[in-house]
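S.K.: next input, structure requested:
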Amino acid sequence: MKKQVFVITALLTVYLVWGSTFLGIRIGLDGGFPPLLLIGLRFLLAGALLYGFARWSGEPRGTWKDWEESALLGFLLLVCGPGLVAWSEQWLSSSLTALLVSTSPVWVTVLDSKESLSKSRLVGVGLGLLGVAWLVGASLTLSGHNVLLGVAGCLLSALAWAIGSLRAYRRPRKRGWIFNSGLQMLFAGGFLSVLGLVWGERLVLASMEMQAWLALGYLTFFGSVIAFGAYTWLLNNTSPETLSTHSYVNPMVAVLLGFYLGGESLSQQAGVGAALALLGVLLLAAPRRQVG
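M.R.: All right, here's what the predicted structure looks like:
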């Protein structure tokens, strides 16, 4: 009973916090942060906290192979994940961004050579891809010449997250999650910060609003430390099917928060695309029946 309470609490944390980070990024951007520096600072702070704690707890510094693998996963999961999400939200609403990147389970299924495709999972992939196409079509009706860049960034983010997730899942777990996560965040934060500066991004402190700093704090502590910790704990304490439910709950949380707190709205066409994509993800996340 006690473990069940912990599982429910951890799931709610992942649902609500990760679903809210899309609006958090929007608030940070509106408050004066450039996108790459916002996410770069987020991961530098969170990574320093986690890596420092791991070293203080007795974790060794790690081998060159540990650092090399962490750099690669940090690039795929974090630079191309939240980094591209923030970059895309310069032109897209947090709601549409969340819906586009929520299709990563579809790409995981398509790319996983070890995945057995039942009829229901094939239908899930088909609905997911149709939903993506519908959402892209809805995006084309938006004004602004950079909308297509935002859409491309979201789809690339979902694809990179799928590739990184498959690699992380198959990677031998020789080190603790705090060490691995901290190191990945440090690499991603450093890369994004340097890339942002080279790209021409600057922090103009005089024009930064308080909401921007609050968003950075929320994304760092709640999004990168608390929610990621809950997610990692769930990896070892619940079924993959249960954990994967965040793939379709997070975008719903993002849409609701964007509507009620961010003043955002979705077109009817985008709503249809979202329904198709999320139905596909739901089919992919459904428990698989054992045969024999």
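
S.K.: how far away is the residue nearest to Ile27 when sequence neighbours are not counted from Glu89?
M.R.: Nearest-residue entry for Ile27: Ala215, 4.4 Å, with adjacent residues in sequence omitted and distances by CB to CB, 6 or more residues apart in numbering. In this view, the C-beta of every residue, glycine as well, is placed from N, C-alpha and C. When distance is defined by CB to CB, to the nearest Å, Ala215 is 12 Å away from Glu89.

S.K.: mutual contacts of the two, please.
M.R.: Taking CB atoms under 8 Å, 6 or more residues apart in numbering as the contact rule, Ala215 and Glu89 both touch Ile25.

S.K.: low-confidence bits of the stretch 1-150 of the chain, can you list those?
M.R.: Confidence mapping of the stretch 1-150 of the chain against pLDDT under 70 gives the ranges 1, 113-117, 121, 138-145.

S.K.: what segments of it are strands?
M.R.: Listed in chain order, the stretch 1-150 of the chain contains no strands at all (DSSP state E, counting those that start in this stretch).

S.K.: follow-up on the earlier one: and for the residue nearest to Ile27, the neighbour number?
M.R.: A count of nearby residues for Ala215, using other CB atoms under 10 Å, gives 25.

S.K.: and what of Ala54?
M.R.: Using other CB under 10 Å as the criterion, the residues surrounding Ala54 number 22.

S.K.: wait, it sits on Trp177?
M.R.: No. Using CB atoms under 8 Å, Ala54 is not in contact with Trp177; the gap is 9.1 Å.

S.K.: before we move on, the earlier item: now the residue nearest to Ile27: which helix or strand?
M.R.: helix 210-218 (DSSP states H and E).

S.K.: following that helix, which helix or strand comes up?
M.R.: Next along the chain after helix 210-218, taking DSSP H and E as the criterion, comes helix 227-235.

S.K.: elements contacting that following helix?
M.R.: Other helices and strands packing on helix 227-235, by 3 or more CB pairs under 8 Å, 6 or more residues apart in numbering; DSSP states H and E, are helix 2-13, helix 177-199, helix 240-243.

S.K.: kindly compare burial across the ones you listed and name the winner.
M.R.: A comparison of these by mean neighbour count, using mean count of other CB atoms under 10 Å, puts helix 177-199 on top with a mean of 21.

S.K.: alpha carbons of that helix, as CSV, please.
M.R.: Extracted C-alpha coordinates of helix 177-199, given in CSV (Å, rounded to 0.1, in the frame of the first residue of the first chain):
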residue,chain,number,x,y,z
TRP,A,177,21.0,7.8,-12.1
ILE,A,178,22.1,10.9,-10.2
PHE,A,179,25.6,10.7,-11.6
ASN,A,180,24.5,9.9,-15.1
SER,A,181,21.8,12.6,-15.2
GLY,A,182,24.0,15.2,-13.7
LEU,A,183,26.8,14.6,-16.2
GLN,A,184,24.4,14.6,-19.1
MET,A,185,22.9,17.9,-18.0
LEU,A,186,26.3,19.4,-17.6
PHE,A,187,27.3,18.5,-21.1
ALA,A,188,24.0,19.7,-22.5
GLY,A,189,24.0,22.9,-20.5
GLY,A,190,27.5,23.8,-21.6
PHE,A,191,26.8,23.0,-25.2
LEU,A,192,23.6,25.0,-25.3
SER,A,193,25.1,28.0,-23.6
VAL,A,194,28.1,28.1,-25.9
LEU,A,195,25.9,27.6,-28.9
GLY,A,196,23.6,30.4,-27.8
LEU,A,197,26.5,32.8,-27.3
VAL,A,198,27.9,31.9,-30.8
TRP,A,199,24.4,32.3,-32.2
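
S.K.: show me what that helix is in contact with.
M.R.: Residues from elsewhere that reach helix 177-199 (CB under 8 Å, 6+ apart): 34-37, 39-55, 57, 59, 62, 66-67, 70-71, 73-75, 77-79, 83, 224, 228-229, 232.

S.K.: tell me which of those fall in helices.
M.R.: 35-37, 39-55, 66-67, 70-71, 73, 228-229, 232 (DSSP state H).

S.K.: related to what we said a few turns ago, are any of the contacts of helix 177-199 buried, and which?
M.R.: Buried members of the contacts of helix 177-199, scored by 16 or more other CB atoms under 10 Å, are 34-37, 39-47, 49-51, 54, 59, 62, 66, 70-71, 73-75, 77-79, 83, 224, 228-229, 232.
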